[in-house]
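Colleague: Provided below for reference: sequence and predicted model.
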Amino acid sequence: MIITVAAFKGGVGKSTTALHLATYLQKQADTLLIDGDLNRSALDWSNRGSLPFKVADEQQGVSLAGLYEHIVIDTPARPDADELKTLAKGCDLLVIPTTPDAIALAATLQMVDLLEKIKNKYKILLTIIPPNPNKAGEEARTTLLNASIPVFKSGIRRLAVFQRAALEGIPVNAVKDTYAQIAWRCYSEVGKEILN
């Protein structure tokens, strides 16, 4: 399975999503994460610690791809229409992370407009969802569903433990913190949705 993670806006948890989906998929079969983001966030994350899967840049990824059952691709932010078409056509599922704020949702809706023309399988993942009593996550989900846009049932909560995982160079489920398992459950639920 090839999963591509792409977004029109930075700061929405794209690399974090790619990394944690790769962590989940690695539990099922050998997984490769290809870091195509210009910031090289996933490679930087892996260089700081230890990840349970292989991380490679695009050039290495081409030669390694045949060795893995699952491939997760982290892409550069804001792909143009042609890049988006190529990314969408080359994967089994395009995951589009977005925060529930108006600016990120507007960028996501622009991306969806382009994807509707391509007719490819994609799903929106709400990320960095603020805690209750803030209703931004629920409101964003309702807005997307009312527009008949596919959205993951699960969302990713805003938790500081994700930053700690990045600093330690490990997935969130390996962090020694009381919130680590809550954070990991968010991505596990998304992983289950992808595989079902």
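Modeller: The structure has been received and is ready for your questions.

Colleague: Residue 93: neighbour count?
Modeller: The local packing of residue 93 (other CB atoms under 10 Å) involves 18 other residues. (Each C-beta comes from the backbone N, C-alpha and C, glycine too.)

Colleague: Farthest out from the centre of this protein, which residue is that? Tell me.
Modeller: Ranked by distance from the centre of the chain (CA atoms, centre = their mean), the top residue is residue 133, with 25.3 Å.

Colleague: That one falls within a strand, correct?
Modeller: No. Assessed with DSSP: H, G, I helix; E, B strand; the rest coil, residue 133 is coil; it does not lie in a strand.

Colleague: how far away is it from residue 49?
Modeller: Distance of residue 133 to residue 49, computed by CB to CB, to the nearest Å: 35 Å.

Colleague: Same question for residue 88.
Modeller: 32 Å.

Colleague: ditto for residue 58
Modeller: 22 Å.

Colleague: In terms of neighbours, single out the busier of these two.
Modeller: Remark: of residue 58 and residue 49, residue 49 carries more neighbours, 14 against 11, as counted by other CB under 10 Å.

Colleague: What's the local residue count around the spatially closest residue to that one that is not a sequence neighbour?
Modeller: Once flanking residues are discounted, residue 49 sits nearest to residue 169: 2.2 Å by CB to CB, 6 or more residues apart in numbering. Using other CB under 10 Å, the number of residues around residue 169 comes to 15.

Colleague: Would you map the strands across this protein?
Modeller: With strands called from DSSP state E, the chain shows them at 2-5, 31-35, 54-57, 70-74, 93-98, 122-126.
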